[in-house]
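Novice: only geometry, no sequence info:
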């Protein structure tokens, strides 16, 4: 249906702290020309001021879930005025002893327009539809858990 390209550029440079190894910093350029500074997580020798792949994965799941939720809300005639999420990914060892992002928790807080007051059951149903139809969530093996927060 579609293709999605990210250009990655890494060049060997000295690690800024450990001269016995290399820098993990690199640039990922996306379709619109946005250049992201990316590195490994700090715990793995990366630069803590850069995004890391695990954060980008968690952010992609959160973003996809939100976009599908907004579409579901619109189809059902609801106006979403604000959507915030604090997404958390858990890097853990799986049963084979390999490190994986085993679980991603979404903590969305949604504010609907006007006087719209939806029941918790209606919001949960929309989150379930978003979860079922999120392309990114359907593409990863990590469990994706939604823990909605009260809106502001």
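Specialist: It's in. This structure is a prediction, so every number in the text was calculated from the model and none was measured. Residues are numbered from 1 along each chain as shown.
Novice: who touches stretch 100-109?
Specialist: For stretch 100-109, the external contacting residues (Cβ atoms under 8 Å, 6 or more residues apart in numbering) are 54, 57-58, 61-62, 65-66, 69, 82-94, 127, 140-152. Heads up, the C-betas are built off the backbone N, CA and C, glycines and all.
Novice: Same question for stretch 140-151.
Specialist: Residues from elsewhere that reach stretch 140-151 (Cβ under 8 Å, 6+ apart): 57, 61, 65, 82, 84, 86, 89, 100-112, 123-124, 127, 130-131, 134, 137.
Novice: Spit out the contact partners of residue 59.
Specialist: Counting by Cβ under 8 Å, 6+ apart, residue 59 makes contact with residue 87.
Novice: Pop out the phi and psi values for it.
Specialist: Main-chain dihedrals, residue 59, degrees, to the nearest 10: phi -60, psi -40.
Novice: Distance from the chain centre to stretch 40-56, please.
Specialist: Relative to its chain's centre, stretch 40-56 lies at 14 Å (Cα atoms, centre = their mean, to the nearest Å).
Novice: before we move on, the earlier item: out of the contacts of stretch 140-151, which are buried?
Specialist: 57, 61, 65, 89, 101, 104-106, 108, 110, 112, 123, 127, 130-131, 134, 137 (16 or more other Cβ atoms under 10 Å).
Novice: Give me the subset of those lying in helices.
Specialist: 57, 61, 65, 123, 127, 130, 131 (DSSP state H).
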